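In: Structure for this input, please:
(2 chains)
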2 protein chains.
Amino acid sequence: MGADRGPEEIIRGAIQAAASESLEVVLVGPQAQVEAIVDAELRKTPAARGRVSIANATEIVGMTDQPSVVARGKRNSSIVVGLNLIKSGAADAFVSAGNSGAVMAAALFTLGRIKGIERPAIGTIFPTLSGKTLLIDMGANVDCKPVWLLQFAQMGAAYMERLFAIQRPRVALLSNGEEESKGSQLTQDSYKLLKTSGLNFVGNLEGKDIPRCTAHVLVTDGFTGNVMVKLSEGVGELIVGFLKEAIGRHWYLKLGALLLSPAFHEIARRVDYAEYGGAPLLGVNGVVVIAHGRSSAKAIKNAVRIAAQAYNEGLVPAISGQDLSPQPIEQAAP
Amino acid sequence: MGADRGPEEIIRGAIQAAASESLEVVLVGPQAQVEAIVDAELRKTPAARGRVSIANATEIVGMTDQPSVVARGKRNSSIVVGLNLIKSGAADAFVSAGNSGAVMAAALFTLGRIKGIERPAIGTIFPTLSGKTLLIDMGANVDCKPVWLLQFAQMGAAYMERLFAIQRPRVALLSNGEEESKGSQLTQDSYKLLKTSGLNFVGNLEGKDIPRCTAHVLVTDGFTGNVMVKLSEGVGELIVGFLKEAIGRHWYLKLGALLLSPAFHEIARRVDYAEYGGAPLLGVNGVVVIAHGRSSAKAIKNAVRIAAQAYNEGLVPAISGQDLSPQPIEQAAP
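Out: Numbering: from 1, shown residues only, chains lettered A, B, ... in the order given. Presented below is the predicted three-dimensional model:
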């Protein structure tokens, strides 16, 4: 109910996923309202018939609700009801395009952390030329400790291994220079932990290298990760804004833009979050995927697909099975 | 000598500035080598004759030299010789496209800090639709204290006031959310200082809002600032890379790109660092402008212009004259 485009878009995407991915979806929300939309959508997507059920949730979480209040207080909200379905085993994975802070808080409160994980984190596929880099953390933890960044790397590597079948994913650390000596205290200390972690750690990566980046996991704190994701969105918009201003000046520029529009659409598709579905919340004891508040039906369909895949590929057991403690750091020679 | 494109490009830009801005330039470097290039360039730009002199500096600083070693040890390098010209009053402002860490360290060592300033910082004009936002710090200080961010804001405001004649520049703080309660501990504490600073503080700004941002100064720590600048460069390259891949597929896409090329050039110009010259090192006791290592003659010319303007408009006295201590913070009502 809390998503920017309202419940129709969400329900449509979930029903499309049920049809195309051969899975069962439980829609969590106010029974009567959801039922009416489901009936209409099933007429358009009859292949999903028999695969859709509804779990009633009467309370609504808004984008301004305090996460901790939702987690503990709104027991009949779709977020809490949905997460309880995972906890009880009635469902295998949870997707939400609602208040992401509330989803995180409620997931922690309801499902708890995977043993050994100090802080759950949010990963997101960051657009690159190769298109397969998971940026983690994109905003769950603004102030981080080195061991958290190590664990983000471990969880991110497990995700890329399970979801994209990548053997020994390459892990990089975001910094302001390539050398081990570069970076904030946090990145320098995290570098030391990553180097001896047994992960396939390829060193520091700078912002300018991200487009050509061949790392599968890019680790950073949630403050920087959040700024990066939002800034990239902003820079894309800035370039589109500049282009629109420039095009207005001559007819041949307009013609050029018209001819190029398939290329622009292709670029838009390659940087579109909807293609990647949602962002996994890694480290909680269950599969939780956070979709963008603006999610289209297509984005929701992809988020549901990702969530099902994460469950089927055993993501949570894979993270639980890792040795998540930092390795002893070798002393530098004096 | 240490710039990516070698000394010719630097000397050409400086001589063009001497001609077009009616100022005198002192070129600092190995006498004979610089003289030969100057002779050749003055034949192309005769208007600069009588405005160009050379200060001999025999040592060369490479991009991998340790900043502190250069500052204290390479007394005959162009960086140290040039900064001593400022200190002695023989020159009014210093521009370098060399090792920026070494420039910072040597400027601190030679010129010292402006009284009251705890840490110098580097500002840079960040591309926005309005084109006039100074991002500070872009990399001088990776781990910051709140009072440093306050001072970055004060120095940045003085810069925008003097260089762009903006009355009471609007100052924003980079964070991961608009509300005062959002952000890392550093940004939350800095917010409190900025709110009571007497500056024209407009609150938190998120990465996605930067393109449409109307703030004149955007404050952040040097780690995040550095990532932002480099990531923006990277995202621009990514979009160009996507476009090139897409265009190769059809003749009409190539034609469209050809027709649109004036618009692409205009965008490239609007996001080109060379248009803005260099990045001011604010907080040291003298005018120091750090140019990009890849600087073209045009970038150097603009950096020299900016440096002369900063001196003529009294930037250093303006920063010195500010009350740079934090104001007492009001206690929140219980």
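In: Taking the centroid of chain A, which residue is nearest it?
Out: The centroid of chain A falls nearest to A:A279 when counting by Cα atoms, centre = their mean (0.9 Å).
In: That one: what's it in contact with?
Out: A:I122, A:G123, A:T124, A:M138, A:V289, A:I290, A:A291 (Cβ atoms under 8 Å, 6 or more residues apart in numbering or on different chains). C-betas here are computed from N, CA, C, even on glycine.
In: Touching, A:Q167 and A:E161? I think so.
Out: Yes: A:Q167 is within contact range of A:E161, at 7.1 Å (criterion: Cβ atoms under 8 Å).
In: More neighbours: which of the two?
Out: More crowded of A:Q167 and A:E161, by other Cβ atoms under 10 Å in any protein chain shown: A:E161, with 18 against 7.
In: got the contact list for that one?
Out: A:Q167, A:R168, A:P169, A:A318.
In: Just the element for it, please.
Out: Assigned by DSSP states H and E, A:E161 belongs to helix A:146-164.
In: which is the next helix or strand following that helix?
Out: Under the assignment DSSP H and E, the closest C-terminal helix or strand after helix A:146-164 is strand A:170-174.
In: which strands and helices sit next to the helix or strand following that following strand?
Out: Per DSSP H and E, the first helix or strand lying C-terminal to strand A:170-174 is helix A:185-195. Applying 3 or more Cβ pairs under 8 Å, 6 or more residues apart in numbering or on different chains; DSSP states H and E, one finds that helix A:185-195 contacts helix A:146-164, strand A:170-174, strand A:200-205.
In: So for A:T58, which of the ones you listed sits nearest?
Out: With Cβ to Cβ as the criterion, A:T58 lies closest to helix A:146-164 of the helices and strands packed on helix A:185-195, at 33.9 Å.
In: ok, which stretches of chain A are helices?
Out: Using DSSP state H, the helices found in chain A span residues A:7-20, A:31-44, A:67-73, A:78-88, A:100-111, A:146-164, A:185-195, A:222-247, A:251-270, A:273-276, A:297-312, A:315-321.
In: Not counting sequence-adjacent ones, nearest residue to A:L255?
Out: Nearest non-adjacent residue to A:L255, counting by Cβ to Cβ, 6 or more residues apart in numbering or on different chains: B:L259, 5.7 Å away.
In: dump the residue contacts of the residue of the stretch 51-200 of chain A found nearest chain B.
Out: Proximity of the stretch 51-200 of chain A to chain B (Cβ to the nearest Cβ) peaks at A:N176, 4.0 Å away. Counting by Cβ under 8 Å, 6+ apart, A:N176 touches A:K182, A:G183, A:S184, A:E206, B:G139, B:V142, B:G222, B:F223, B:N226, B:V227, B:K230.
In: 6 Å - rerun?
Out: A:N176 sits next to A:K182, B:F223, B:N226 when contact means Cβ atoms under 6 Å, 6 or more residues apart in numbering or on different chains.
In: Same question for A:Y191.
Out: A:Y191 neighbours (Cβ under 6 Å, 6+ apart): A:L173, A:E180.
In: how far away is it from A:E206?
Out: 14 Å (Cβ to Cβ, to the nearest Å).
In: got it, and A:V284?
Out: Per Cβ to Cβ, A:V284 is found 31 Å from A:E206.
In: how much space between A:G82 and B:G248?
Out: With Cβ to Cβ as the criterion, A:G82 and B:G248 are 45 Å apart.
In: Between those two, which has more neighbouring residues?
Out: Using other Cβ under 10 Å as the criterion, A:G82 and B:G248 rank with A:G82 on top: 27 against 10.
In: how about the nearest residue to that one, chain neighbours excluded?
Out: A:V28 (4.3 Å).
In: May I have the beta-bridge partners of that neighbour?
Out: Taking DSSP bridges, one obtains A:A55 as the residues bridged to A:V28.
In: so it sits right up against A:V80, yeah?
Out: No: with contacts counted by Cβ atoms under 6 Å, A:V28 stays clear of A:V80, the gap being 9.3 Å.
In: residues from the stretch 1-150 of chain A in reach of chain B?
Out: A:L129, A:V142, A:D143 (Cβ under 6 Å from any Cβ of the partner chain).
In: And these, which of them are buried?
Out: A:L129, A:V142 (16 or more other Cβ atoms under 10 Å in any protein chain shown).
In: With respect to A:K298, which of the residues of the stretch 1-150 of chain A next to chain B is nearest?
Out: A:L129 (22.8 Å).
In: residues touching the closest one, list them.
Out: Contacts of A:L129 (Cβ under 6 Å, 6+ apart): A:P211, B:G241.
In: Domain parsing of chain A, as residue ranges.
Out: Annotated domains of chain A cover A:1-117+A:283-325, A:125-276 [automatic domain parsing].
In: Can you redo the ones you listed as CSV, where the extra columns are mean pLDDT and distance to B:G198?
Out: Output for the domains of chain A, formatted as CSV (pLDDT from 0 to 100; distance: least, Cβ to Cβ, whole Å):
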stretch, mean pLDDT, distance to B:G198
domain A:1-117+A:283-325, 91, 31
domain A:125-276, 88, 27
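In: A:N76: neighbouring residues, count only.
Out: By other Cβ under 10 Å, the residues close to A:N76 number 12.
In: So it is in contact with A:E59, correct?
Out: Yes: the criterion here is Cβ under 6 Å, and A:N76 meets it with A:E59 at 4.3 Å.
In: Drop anything exposed from the contacts of A:E161.
Out: A:P169, A:A318.
In: Output the set of residues of the stretch 151-300 of chain A in proximity to chain B.
Out: A:176, A:184-185, A:206-208, A:210-211, A:223-224, A:226-228, A:230-235, A:237-239, A:241-242, A:246-247, A:252-253, A:255-256, A:259-260, A:263, A:266-267, A:270.
In: From these, keep the buried residues only.
Out: The neighbour count (16+ other Cβ under 10 Å) marks A:176, A:184, A:206-208, A:210-211, A:223-224, A:226-228, A:230-235, A:237-239, A:242, A:246-247, A:253, A:256, A:259-260, A:263, A:266-267, A:270 as buried among these.
In: Make sure A:G98 is actually in contact with A:M1.
Out: No: in this structure A:G98 lies outside contact range of A:M1 using Cβ under 6 Å: 7.3 Å.
In: who's more crowded, the two?
Out: A:G98 (26 against 20).
In: about what we covered before: now do the residue nearest to A:G82: how many residues are near it, please.
Out: Using other Cβ under 10 Å, A:V28 has 25 neighbouring residues.
In: Same question for the one 4 residues further on.
Out: A count of nearby residues for A:A32, using other Cβ under 10 Å, gives 9.
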